[in-house]
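[1] this one's structure only:
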Ligand SMILES: CCCCCCCC/C=C\CCCCCCCC(=O)NCC(=O)O
């Protein structure tokens, strides 16, 4: 200390030396910071490598387990097991004509093969093999012996839910999520976890840890997201039932992009304890777990299985409403609202055609179809939905992804949250004459500014919900038929193209029940019509959407069915009817 004082005294008045010392100090600090960044980068890289090696190792172990099983057991007919719809599979398991062992090993084998092609799994749950030893005690369960895949963010004890973010690596769940516990009690065997996009806030499916998942219908296309791993795995036959989550369409969009069925129940109907998200605590737009499968009966069976006393006991915040089979099975003619264009995002030709065709089928079947249009979508999408979702101006999301690598396109996706609000507001004014929609987006992602405004936003959402319910009452409709985003995008377009989310996310904002059923495929005529697509606003969002869905001939096309909150069975009923009508037309 004394030496330092002498040194400083020595340089006092000598400004040249002081400047040199100052510069040297800055240099040292700079080098230290650089070293810290490099070392953190290396640590991140090591973490990612560890996770990938662990996955490779677990895939190999699962592969060997399947091999051993095949060598020691007379081979069950895999193809016929994989072809069974869930209802039949379940019956054969319950009557004992199929064993849970044969079914699990068959699905495991298929999953490993599918994953090698599509990169859809993040984990194989090795405990699924152990579960076979005790499964007999769940023989009465509605899902006895049924293998089920889980989206990566659903907690399973000792497995990490990264939500596609490096910072969450190496934090294994302390316990099973409530849904996993309930599923196990019902005899289901969770056996794989599936891939998601970075931070879950995208309808693409790529993250820096596990990479990009491919669409089984066209590997060059995205499977959708965020439950994209589920969409790909189920479509390719690796799973007969899966569990995803949906805050903006993350169950419905991958179901639509891959060609299966997906159901987003009313948020609150199923327990969310142990279901991870990147915007925990955000209440304006609600997230919910929801099932995905090849047919609607499987979705209904899932709901019936988990809406049980065990779930109501484990999570008393869930209303004790068992599945209403009477509503699901009812054949009472319905009054069905419909729209093929929401007036905010022009649908692709196949999206609109699918609604028109299903409308005609429903009319022929004796239902009454009533024109419908979502209220004030322009204002609602930006001022209620986006401003509510990012009430904090995106701070939470930025914190989540800080310091980690980003998948291509993600940096651009989160750029608006990095730009200071005064610049965004200025840009919003500049852009307004060109696209009021994009201007609204820039203004909305500035957030709400104060806690008081959070409450105002939530009150406005409640008011909008009430207005919408009154509108349903006024035109006296039971359910709604409308488009679902599709066909599958080229990878990385989802991060740039947000406006089509008006078709899915509006029902998260309203917290209505909504599900998708695949009803058609893109035709040459659809593709030809797409060439003349201009869009409603004719802005860059419209141009991006057009680019994203080109090259879709032969890809699946879905429609969406919607019902009022807590009328989940009614929504499933319409989905089932749509599925049957479309099947009987073929
Ligand atoms: C240019 C105008 C844009 C208007 C409004 C767009 C609103 C969307 C904005 C942000 C992107 C949010 C993407 C959400 C995708 C689905 C994610 C999802 O459902 N995740 C499930 C989960 O988190 O559990």
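    Received, thanks. Because the structure is predicted, anything quoted here is derived from the model rather than measured.

[2] so which residues on this structure come close to the ligand?
    Contact residues, the chain versus the ligand (CB under 6 Å from any ligand atom): 200-203, 226, 245-250, 277, 287, 381-382, 385-386, 437-438, 441, 498-499, 501, 541. C-beta here means a position set from N, CA and C on the backbone, and glycine is covered the same way.

[3] and the gap between residue 201 and residue 494?
    10 Å (CB to CB, to the nearest Å).

[4] who has more neighbours, those two?
    Taking neighbours as other CB atoms under 10 Å, residue 201 and residue 494 compare with residue 494 leading, 30 against 26.

[5] surely the more buried one touches residue 202?
    Yes - Residue 494 is within contact range of residue 202, at 5.4 Å (criterion: CB atoms under 8 Å).

[6] tell me the contacts of the residue most central in space within the chain?
    Geometric centre of the chain, nearest residue: residue 250, 2.4 Å, by CA atoms, centre = their mean. Contact partners of residue 250, counting by CB atoms under 8 Å, 6 or more residues apart in numbering, are 200, 203, 225-227, 244.

[7] what's the answer for residue 129, then?
    By CB under 8 Å, 6+ apart, residue 129 lies in contact with 65, 104.

[8] do the same with the one 10 residues further on
    If a contact means CB under 8 Å, 6+ apart, then residue 139 has 94, 187 as its contacts.

[9] show the backbone phi and psi for it.
    Phi and psi for residue 139, reported as degrees, to the nearest 10, are phi -60, psi -30.

[10] can you check the pLDDT for it?
    Predicted confidence (pLDDT) for residue 139: 94.

[11] do residue 7 as well
    Per-residue pLDDT puts residue 7 at 43.

[12] equivalent analysis for residue 537, please.
    Reported pLDDT for residue 537: 93.

[13] likewise for residue 21?
    pLDDT, read off for residue 21, is 70.

[14] can you pull the contacts of the residue lying closest to residue 291 once chain neighbours are set aside?
    With CB to CB, 6 or more residues apart in numbering as the criterion, residue 291 has its nearest non-adjacent residue at 3.9 Å, and that residue is residue 302. Taking CB under 8 Å, 6+ apart as the criterion, residue 302 is in contact with 143, 241, 243, 291, 293.

[15] of these, buried ones?
    The neighbour count (16 or more other CB atoms under 10 Å) marks 143, 241, 243, 291, 293 as buried among those.

[16] relative to residue 473, which of those residues is nearest.
    The closest of the buried ones among the contacts of residue 302 to residue 473 turns out to be residue 291 (CB to CB; 29.2 Å).

[17] quick one, phi/psi of the closest one?
    phi -80, psi 160.

[18] wouldn't it be in contact with residue 305 here?
    No - between residue 291 and residue 305 there is no contact under CB under 8 Å: 9.5 Å.

[19] so which residues of the stretch 201-350 of the chain form strands?
    Counting by DSSP state E, counting those that start in this stretch, one finds strands in the stretch 201-350 of the chain at the ranges 206-207, 211-212, 241-246, 261-264, 288-293, 335-338.

[20] those strands into CSV, with extra columns for distance to residue 516?
    Supplementary listing: those in CSV, determined by distance: least, CB to CB, whole Å:
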stretch, distance to residue 516
strand 206-207, 22
strand 211-212, 23
strand 241-246, 10
strand 261-264, 5
strand 288-293, 10
strand 335-338, 15
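
[21] turn these into TSV, columns for mean pLDDT.
    Below are the strands of the stretch 201-350 of the chain laid out as TSV (pLDDT from 0 to 100):
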stretch	mean pLDDT
strand 206-207	97
strand 211-212	98
strand 241-246	98
strand 261-264	98
strand 288-293	98
strand 335-338	98
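
[22] which of those is buried the deepest?
    strand 261-264 (a mean of 32; mean count of other CB atoms under 10 Å).

[23] output the below-cut-off pLDDT ranges for this structure.
    Applying pLDDT under 70 to the chain flags residues 1-15, 18, 26, 28-40, 75, 586.

[24] next up, the contacts around the residue nearest to residue 327 when sequence neighbours are not counted.
    Excluding its sequence neighbours, the residue lying closest to residue 327 (CB to CB, 6+ apart) is residue 569, at 4.0 Å. Neighbouring residues of residue 569 by CB under 8 Å, 6+ apart: 300, 303, 323-325, 327-328.

[25] tell me the contacts of the residue nearest to residue 121 when sequence neighbours are not counted?
    For residue 121, ignoring the flanking residues on the chain, the nearest one in space by CB to CB, 6+ apart is residue 115 at 4.4 Å. Listed by CB under 8 Å, 6+ apart, the contact set of residue 115 reads 59, 121, 233, 238.

[26] so residue 115 lies in a helix, does it not?
    Yes - applying DSSP: H, G, I helix; E, B strand; the rest coil, one finds residue 115 inside a helix.

[27] quick check: residue 150 touching residue 189?
    No - the pair residue 150 and residue 189 does not pass the contact test of CB under 8 Å, sitting 11.0 Å apart.

[28] picking up where we left off before, between the buried ones among the contacts of residue 302, which is nearest the ligand?
    Of all the buried ones among the contacts of residue 302, the one with the least separation from the ligand (CB to the nearest ligand atom) is residue 243, at 11.3 Å.

[29] contacts for stretch 577-584 next, please.
    261, 295-296, 358, 361-362, 365, 481, 517, 519-520, 559, 561.

[30] go through it and flag the buried ones.
    577-579, 581-582.

[31] same list (the contacts of residue 302) but as a markdown table, adding distance to residue 461.
    A markdown table is the format used below for those (distance: CB to CB, whole Å):
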| residue | distance to residue 461 |
| --- | --- |
| 143 | 35 |
| 241 | 32 |
| 243 | 26 |
| 291 | 26 |
| 293 | 30 |
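
[32] looking at those residues, which is nearest residue 90?
    Of those, the one sitting nearest to residue 90 (CB to CB) turns out to be residue 143, at 6.9 Å.

[33] list the contacts for that closest one?
    Per CB under 8 Å, 6+ apart, neighbours of residue 143: 90, 183, 186-188, 241, 301-302, 305.

[34] check residue 533 too.
    By CB under 8 Å, 6+ apart, the neighbours of residue 533 are 346, 348-349, 542, 545-546.

[35] for residue 476, which of the strands of the stretch 201-350 of the chain is the nearest?
    strand 335-338 (5.7 Å).

[36] for the closest one, packing partners?
    helix 349-364, strand 368-371, strand 479-483 (3 or more CB pairs under 8 Å, 6 or more residues apart in numbering; DSSP states H and E).

[37] of the ones you listed, which stretch is the most buried?
    Comparing the helices and strands packed on strand 335-338 by mean count of other CB under 10 Å gives strand 479-483 as most buried, with a mean of 25.

[38] what strands line up against that strand, and which way round?
    Partner strands for strand 479-483, per DSSP bridges, with pairing direction: strand 335-338 (parallel), strand 556-563 (antiparallel).

[39] and the strands in the stretch 51-200 of the chain?
    According to DSSP E, counting those that start in this stretch, the strands that the stretch 51-200 of the chain contains are 121-124, 147-151, 189-194.

[40] let me have those strands in CSV, extended by mean neighbour count.
    Shown next, in CSV, are those (neighbours: other CB atoms under 10 Å):
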stretch, mean neighbour count
strand 121-124, 26
strand 147-151, 29
strand 189-194, 28
